[in-house]
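Visitor: what follows is a predicted structure for the sequence shown.
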Amino acid sequence: MANNPTSQQPRHSKILRYIAIVLLVLIVLVGVSVLITWLIIKPRRFVYTVEEGSIKNYNLTKNHLNATFEFALRSYNPNSKISIYYDSIEASVEYDDQTIAFEVVDPFFQPHRNETRLDLKLTAQYVPLSGSNSKDIALERSSGEIEIVVMLKARIRFKVGMWKSKDRSLIIWCSPVRVRFSRPNNFERTYCDTEL
């Protein structure tokens with residue numbers, strides 16, 4: 001007698017059904033483990049603010065800017081179980097989408113439930129400005145206040161217990177940061193947004 005092809009179909013469909021059930025169980029188990037981990041760790045957003053800001057050695061000559069921008073950036077980690085490694089950090093000052101000052105910040109480790117202050121000193125040395133930016137900065141200088149964006153790009157890793165994550169990119173942008181030329185003591189705190 002020849003094998004009946006219809007007798008092979010139930011066996012084939014049983015194998016597919018078992019594979020589908022195993023895959024579904026694995027997906028549910030992974031989902032439950034992620035949910036339990038999230039509930040145990042209870043991750044919260046890191047908070048970044050610019051607390052102080054000043055401009056020193058300002059000079060705008062022939063569309064070229066020289067200035068020193070000084071900022072105190074507060075980094076707050078509200079998490080009780082998550083620490084963070086800042087492996088590399090680049091800080092910049094932007095005016096109307098043009099980078100006008102830059103600094104590389106030293107790496108550091110921020111433990112859980114910690115507040116860290118970063119003192120940033122970004123220098124613009126004979127930076128060529130576009131024609132409109134040069135005019136706008138000159139106008140803002142005459143008004144006594146300039147509006148800029150402070151941006152940080154960092155490579156970070158998270159630490160929970162003994163586990164460390166792979167590195168990822170963190171972008172922090174603080175806007176608008178209003179800095180007065182004459183009275184830096186009247187600085188208003190600026191809250192920053194993040195993108196991970």
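Guide: Thanks, I have the structure now.
Visitor: how close does the residue nearest the centre of the chain get to Ile148?
Guide: Nearest residue to the geometric centre of the chain (Cα atoms, centre = their mean): Ile171, 2.7 Å. Ile171 sits 16 Å away from Ile148, taking Cβ to Cβ, to the nearest Å as the criterion. Any C-beta I mention is one placed from the backbone N, CA and C, and that applies to glycine too.
Visitor: now Glu90
Guide: For Glu90 relative to Ile148 (Cβ to Cβ), the value is 16 Å.
Visitor: and for the closest residue to the residue nearest to the centre of the chain other than its chain neighbours, the neighbour number?
Guide: Nearest residue to Ile171 in three dimensions, chain neighbours excluded: Glu195, at 4.5 Å (Cβ to Cβ, 6 or more residues apart in numbering). Neighbourhood size, Glu195 [other Cβ atoms under 10 Å]: 9.
Visitor: tell me the contacts of Glu195?
Guide: Neighbour list for Glu195: Leu170, Ile171, Trp173 [criterion: Cβ atoms under 8 Å, 6 or more residues apart in numbering].
Visitor: now the one helix or strand the second one maps to: mean pLDDT?
Guide: Yep, that's Ile171 we're talking about. According to DSSP states H and E, Ile171 maps onto strand 168-180. For strand 168-180, mean pLDDT rounds to 94.
Visitor: that one pairs with which strands, parallel or anti?
Guide: strand 145-160 (antiparallel), strand 190-195 (antiparallel) (DSSP bridges).
Visitor: how about the shortest one: buried residues?
Guide: Burial within strand 190-195, assessed by neighbour count using 16 or more other Cβ atoms under 10 Å, is assigned to Thr190, Cys192.
Visitor: what of stretch 80-98?
Guide: Neighbour-count burial for stretch 80-98 [16+ other Cβ under 10 Å]: Ile82, Ser83, Ile84, Tyr85, Tyr86, Ile89, Ala91, Ser92, Val93, Glu94, Tyr95.
Visitor: one more: stretch 97-105?
Guide: In stretch 97-105, counting by 16+ other Cβ under 10 Å, buried: Ile100, Ala101, Phe102, Glu103, Val105.
Visitor: next, count neighbours for Leu170.
Guide: Residues near Leu170, counting by other Cβ under 10 Å: 18.
Visitor: quick one: residues contacting it.
Guide: Contacts of Leu170 (Cβ under 8 Å, 6+ apart): Leu152, Lys153, Ala154, Arg155, Ile156, Thr194, Glu195, Leu196.
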